[in-house]
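*Asks:* Please find the sequence and the predicted model below.
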Amino acid sequence: MGTLRNRASSLGLGAIVLLMSGCSEENNTPPKKQIEPGNGVRVKAAMEVDLLAEGSQHWQVLQDISGNAGVEFREDGTCRILDGEPISAIRYAGPWELPVTNYEILYDACHLDGPDFFAALTFPVNSLDTCATFVPGGWGGSVTGISCIDGVDASANETASTCDYPVGEWFTFRIEVRPDVLKVWNGGAIIVKAPLAGKKISLRQGDIEQCAPLGLSTYMTVGEVRKIVIRTLDGKPLWKRSIE
């Protein structure tokens with residue numbers, strides 16, 4: 001699997017706008033508006049979206065993370081996150097507004113090679129400024145849970161459990177965020193049920209913070225993801241923004 005360490009890069013979302021200092025009679029076309037996360041015009045609504053199917057241009061490789069090996073967006077629609085030194089990570093930078101509560105994320109992930117977590121998902125919890133990470137197979141390959149609750153990471157808080165993740169086997173994880181509770185399923189089995197009342201939710205300090213508000217990461221490990229579906233649970237639509 002050492003040969004999987006192929007560097008890849010993804011194009012970040014955003015139009016590059018040339019701001020003109022003035023306009024002449026020969027060139028009086030107004031500059032185009034720039035779209036940034038949270039800005040732009042709402043153009044489309046949906047009850048669920050596969051963010052991975054939207055295309056690699058909507059995912060940003062976090063180059064500021066030292067040792068980030070990047071990703072490969074493959075012809076079969078999967079995203080392969082390569083084994084970093086130690087972390088590889090990408091962040092969603094697309095046009096869909098992210099929900100923060102009363103929603104769920106469903107994603108399929110596979111451990112291909114390496115000793116640690118293979119598809120950790122960072123996601124918002126009741127606010128874009130408050131995020132957590134679901135960690136499958138951390139701390140040597142089996143510890144699973146949420147980082148962080150009351151400042152304690154997934155290896156030591158009440159969400160910690162152990163699970164085997166054999167190489168080449170696909171797992172379906174479902175994360176549900178409600179105002180008062182956070183739940184995670186592995187297949188049909190619930191593996192996390194964390195009440196949120198009175199709890200402080202945060203990210204572990206370090207490189208993983210760059211994944212907020214939504215991102216994927218691996219630790220010295222090659223992992224693969226083939227869908228990342230977000231669904232609303234309260235009847236409110238998801239919104240896509242674009243340029244007027």
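*Replies:* Nice, I can see it.
*Asks:* Would you check how far apart the most centrally placed residue in the chain and Val167 are?
*Replies:* Taking C-alpha atoms, centre = their mean, the centroid of the chain lies closest to Gly215, which sits 2.2 Å from it. Separation of Gly215 from Val167 (C-beta to C-beta, to the nearest Å) stands at 23 Å. Yep, even glycine has a C-beta here, placed from its N, CA and C like the rest.
*Asks:* returning to what we had before: so what's the residue nearest to the centre of the chain bridging to?
*Replies:* On the basis of DSSP bridges, Gly215 is bridged to Arg91, Thr122.
*Asks:* quick one: contacts for it?
*Replies:* Leu62, Ala89, Ile90, Arg91, Tyr92, Leu121, Thr122 (C-beta atoms under 8 Å, 6 or more residues apart in numbering).
*Asks:* same thing with Pro86?
*Replies:* Gly67, Asp116, Tyr219, Met220.
*Asks:* Also Val177?
*Replies:* Neighbouring residues of Val177 by C-beta under 8 Å, 6+ apart: Pro99, Val100, Thr101, Asn102, Tyr103, Glu104, Phe123, Pro124, Val125, Asn126.
*Asks:* My guess is Glu224 contacts Cys79. True?
*Replies:* Yes - counting by C-beta atoms under 8 Å, Cys79 is a contact partner of Glu224 at 6.9 Å.
*Asks:* Residues that sit against both of those two, list them.
*Replies:* Counting by C-beta under 8 Å, 6+ apart, Glu224 and Cys79 have no common neighbour.
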